[in-house]
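Attaching a predicted model along with its sequence, questions to come.
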Amino acid sequence: MSSQSEVPASSVLLSFTADNVRSYRDEVHLSLLATRLALPDVRREIHTRSSSRAIGVLPAAGLFGANASGKSTMLYALADMRNIVVSSFRSGTRSSGIDRRAFALDDVFSTRPSRFAIELIFEGVTWQYGFEVDDERILGEYAYHYPKGRQALVFDRNLDGLTFGPPFRSTGRALRQLLRDNALLLSVAGAADDEQLGPLFGWFLRNLRLAESSNRASRVVRTAELVNDPQTKERVMAFVRAADLGVTDIERAPVDPEVAERLQRALRILEGEEGAPDATDEETKVVFADSVRLKHRGSTGDVDLDPEDESEGTMVWVGLIGPVLDSLDGGHVLLADELDTSLHPHLVLMLVGMFQSPDMNRRCAQLIFNAHDVDVLGDSDDAVLGRDQIWFAEKDHEGATSIYPLADFRPRRDEALGRRYLQGRFGAVPAVDPGELRIGLDLVNR
C-alpha cells in the first residue's frame with residue numbers, strides 16, 4: 001500500500017444504520033469499510049491510537065435504483081440523524097416533540113420507535129453512537145468508544161436512567177441537570193460546549209450536510225462567501241473553468257442590510273440550524289438574485305447574466321462548489337441527492353473522482369450520493385467507483401425500501417456493470433409496463 005493512501009484524517013464515517021425511518025421500514029445498513037474488492041488507489045488506510053493495524057475506508061459510496069425506490073432516503077435518513085443531534089435541545093422546548101419521519105405506509109409503524117446509529121473514527125478513536133426516538137421523547141441513547149482497543153462505555157441512557165463510564169462521570173453530573181425527555185444528551189453537550197462530548201457534537205455539526213434541490217440557494221450563498229475572499233476565489237474559479245461553463249468570473253453581488261439578513265438565514269439553513277425553505281419560496285429567489293453574479297464570454301467582452309437567465313446545470317454546479325470545497329478542506333462527509341440532475345456525465349465523473357483521488361482529497365472527505373447515470377458504474381475496470389462502493393435501493397410491494405451492495409453479486413473486476421445493471425442483473429430497476437402506456441394513450445385518443 002502506498003504511503004499516499006495513508007491520510008491525516010481527523011474523522012471518517014465507517015457505517016450508518018437506520019430502522020423505521022422514512023421508507024426504511026426494516027433495518028438498513030450502509031458500510032464505508034473497504035473490502036477486498038476495493039480499488040487499490042482509492043482505499044484509504046486510517047490509523048487509530050489503539051492499534052498499529054490500519055482500517056481500510058472508502059471515500060465515496062453511490063446508491064442506484066429506480067425512481068421512487070428510496071435511494072434518496074439514505075441521504076435523508078443521515079441528514080435526519082444530524083438534525084436531531086444538532087437541534088433537539090437548541091431548537092426544542094419541554095413541550096415540543098421529536099422531528100422524525102417513521103415509515104408512513106403502515107399505521108403500526110407510526111407508533112414504533114425510529115433508530116439511528118453510526119460508527120466513526122474521530123480524532124484517532126473509534127466511536128459508536130446511536131439513539132431511539134418516538135414522536136414525543138428519547139427512548140434510548142448510547143455512546144461507546146475504543147480508546148485502548150476495547151469497547152468502553154461513554155454513556156447509556158434509557159427510560160430507567162442514565163449511566164456514564166468512569167472518565168465521563170463529572171461531565172454527566174453537569175449535563176444531567178439540563179437534560180429533557182425530548183432532547184438528546186449529545187445535543188445538550190453541544191449547547192453546553194462540554195469539553196468531553198462537545199467535540200462529538202461538533203462532528204455532527206460539520207458533517208452529513210445534505211445537498212438537495214430545496215437548499216441550492218443556501219449552497220450558492222456559500223459559494224458566494226468563498227468568492228468574497230480573494231484567497232479562496234481562485235479555487236472557486238478553477239472549479240468553474242473545469243466545468244467549461246463559459247463563465248469568466250464570479251462576483252459577490254452588493255447587498256443591502258435586509259437582503260444580507262436573508263443571506264445569513266440561508267447560511268443558517270445550510271448549517272442545519274433552520275429548516276430549508278421550499279424551492280419556490282420568494283426568499284429563496286431573493287437569495288439567488290442577490291448573492292452572486294456570473295460573467296460570461298461575449299463577442300465584445302464579458303457580459304453579466306441574471307441568475308434566472310443561467311442554465312439549470314450552471315446553477316447546480318455553482319451550488320455544489322462551496323460544499324465540496326468545505327468538505328475536501330475539512331475531511332467532512334457530504335451528502336449529494338440526485339448528483340447527476342442537470343449535470344453532464346463528465347462533470348459527475350469528475351466530481352466523484354475528486355473524492356476518490358488521494359491527491360485531491362488528502363483528508364479523506366467522503367461523498368455519499370445517489371444517481372441514475374450508469375456512466376458512474378462503468379463498463380470496464382476503468383470505472384470511477386469500486387465494486388464495494390456501489391449500492392442498490394429497491395422497494396417491495398408494501399412500499400418498504402431495502403439496500404444491498406453490488407459486492408453481494410461478486411462481480412468480476414472487468415464486468416460491464418452499467419450494462420448489466422440496465423439489463424436487470426442486479427435488480428433495482430423499474431418494472432416498466434409498455435402495455436399500461438398504451439392503455440393511457442388509447443384513453444387520451446378516444
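Received, thanks.

now the helices for the chain?
Per DSSP state H, the chain has helices spanning 71-87, 107-110, 169-176, 185-191, 198-206, 216-227, 230-242, 257-271, 282-291, 312-330, 345-356, 417-422, 434-445. These are given in chain order.

can I get the ones you listed in CSV with mean neighbour count?
(Glycine included, C-beta is placed from N, CA and C.) As requested, these are arranged in CSV below (neighbours: other Cβ atoms under 10 Å):
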stretch, mean neighbour count
helix 71-87, 23
helix 107-110, 12
helix 169-176, 15
helix 185-191, 25
helix 198-206, 19
helix 216-227, 25
helix 230-242, 14
helix 257-271, 16
helix 282-291, 19
helix 312-330, 21
helix 345-356, 19
helix 417-422, 18
helix 434-445, 9
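
Which stretch among the ones you listed approaches residue 25 most closely?
helix 107-110 (6.1 Å; Cβ to Cβ).

average pLDDT across the closest one?
When pLDDT is averaged over helix 107-110, the result is 94.

quick one on the thing from earlier: which one of the helices of the chain has the lowest average pLDDT?
helix 282-291 (a mean of 49).

would you list the helices of the chain in CSV and tack on distance to residue 53?
Converted to CSV, those look like this (distance: least, Cβ to Cβ, whole Å):
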stretch, distance to residue 53
helix 71-87, 28
helix 107-110, 41
helix 169-176, 30
helix 185-191, 29
helix 198-206, 23
helix 216-227, 38
helix 230-242, 36
helix 257-271, 36
helix 282-291, 47
helix 312-330, 26
helix 345-356, 23
helix 417-422, 31
helix 434-445, 54
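
So which of these is nearest residue 390?
When those are compared by Cβ to Cβ, helix 417-422 sits nearest residue 390, at 7.2 Å.

Extract the CA atoms of that closest one and return them as PDB.
Output of helix 417-422 as PDB, limited to C-alpha atoms (Å, rounded to 0.1, in the frame of the first residue of the first chain):
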ATOM      1  CA  LEU A 417     -21.500  -3.100 -14.600                       C
ATOM      2  CA  GLY A 418     -23.500  -0.300 -16.300                       C
ATOM      3  CA  ARG A 419     -24.800  -2.600 -19.000                       C
ATOM      4  CA  ARG A 420     -25.500  -5.400 -16.600                       C
ATOM      5  CA  TYR A 421     -27.400  -3.100 -14.300                       C
ATOM      6  CA  LEU A 422     -29.600  -1.800 -17.100                       C
END
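
and for that helix, what are the contacting residues?
64, 374-375, 377-379, 383, 387, 390, 406, 411, 426, 428-429 (Cβ atoms under 8 Å, 6 or more residues apart in numbering).

switch to 7 Å and redo it
64, 374-375, 377-379, 383, 411, 426 (Cβ atoms under 7 Å, 6 or more residues apart in numbering).

before we move on, what about stretch 227-235?
Against stretch 227-235 from outside (Cβ under 7 Å, 6+ apart): 226, 236, 250-252, 292, 325.

Just tell me which of the helices of the chain ends up closest to residue 136.
Closest of the helices of the chain to residue 136 is helix 107-110, at 12.3 Å (criterion: Cβ to Cβ).

just checking, what packs against that closest one?
Using 3 or more Cβ pairs under 7 Å, 6 or more residues apart in numbering; DSSP states H and E, no helix or strand is in contact with helix 107-110.

Save the contacts of helix 417-422 as a markdown table, and put in distance to residue 349 and pLDDT too.
Shown next, in a markdown table, are those (distance: Cβ to Cβ, whole Å; pLDDT from 0 to 100):
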| residue | distance to residue 349 | pLDDT |
| --- | --- | --- |
| 64 | 15 | 93 |
| 374 | 11 | 83 |
| 375 | 6 | 84 |
| 377 | 11 | 84 |
| 378 | 9 | 74 |
| 379 | 13 | 68 |
| 383 | 10 | 77 |
| 411 | 19 | 86 |
| 426 | 20 | 84 |
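
Quick one: buried ones out of those residues?
Neighbour counting with 16 or more other Cβ atoms under 10 Å marks 64, 374-375, 377-378, 383, 411, 426 as buried within the contacts of helix 417-422.

which residues touch the spatially most central residue of the chain?
Nearest to the mean C-alpha position of the chain, by Cα atoms, centre = their mean, lies residue 335 at 2.0 Å. Residues in contact with residue 335 (Cβ under 7 Å, 6+ apart) are 75, 78-79, 208-211, 368.

with the contacts of helix 417-422 in mind, which one is nearest to residue 359?
The nearest one, if we look at the contacts of helix 417-422 relative to residue 359 and count by Cβ to Cβ, is residue 383, at 18.9 Å.

Give me the distance between that closest one and residue 351.
15 Å (Cβ to Cβ, to the nearest Å).

I'd guessed residue 57 sits against residue 32; true?
Yes. Because the distance of 6.0 Å satisfies Cβ atoms under 7 Å, residue 57 is recorded as touching residue 32.

any shared contact partners between those two?
Residues touching both residue 57 and residue 32 (Cβ under 7 Å, 6+ apart): residue 14.

just to revisit the earlier point, which of the contacts of residue 335 sit farthest apart?
78 and 211 (12.1 Å).

Other residues contacting stretch 21-35?
13-19, 43, 56-58, 61, 70, 73-74, 76-77, 80, 101, 103, 106, 109, 114, 366, 388, 391, 395, 399-403, 407.

Please repeat the previous calculation with a cut-off of 6 Å.
The contact list for stretch 21-35 (Cβ atoms under 6 Å, 6 or more residues apart in numbering) reads 13-19, 43, 56, 58, 61, 70, 73, 76-77, 101, 103, 114, 388, 400-401, 403.

What about the closest residue in space to residue 65 that isn't next to it in sequence, how many residues nearby?
Nearest non-adjacent residue to residue 65, counting by Cβ to Cβ, 6 or more residues apart in numbering: residue 393, 3.7 Å away. The burial count assigned to residue 393 is 25, neighbours taken as other Cβ atoms under 10 Å.

got it, and residue 160?
6.

what pLDDT does it get?
pLDDT, read off for residue 160, is 95.

Equivalent analysis for the one 3 residues further on, please.
We note a pLDDT of 96 for residue 163 in this prediction.
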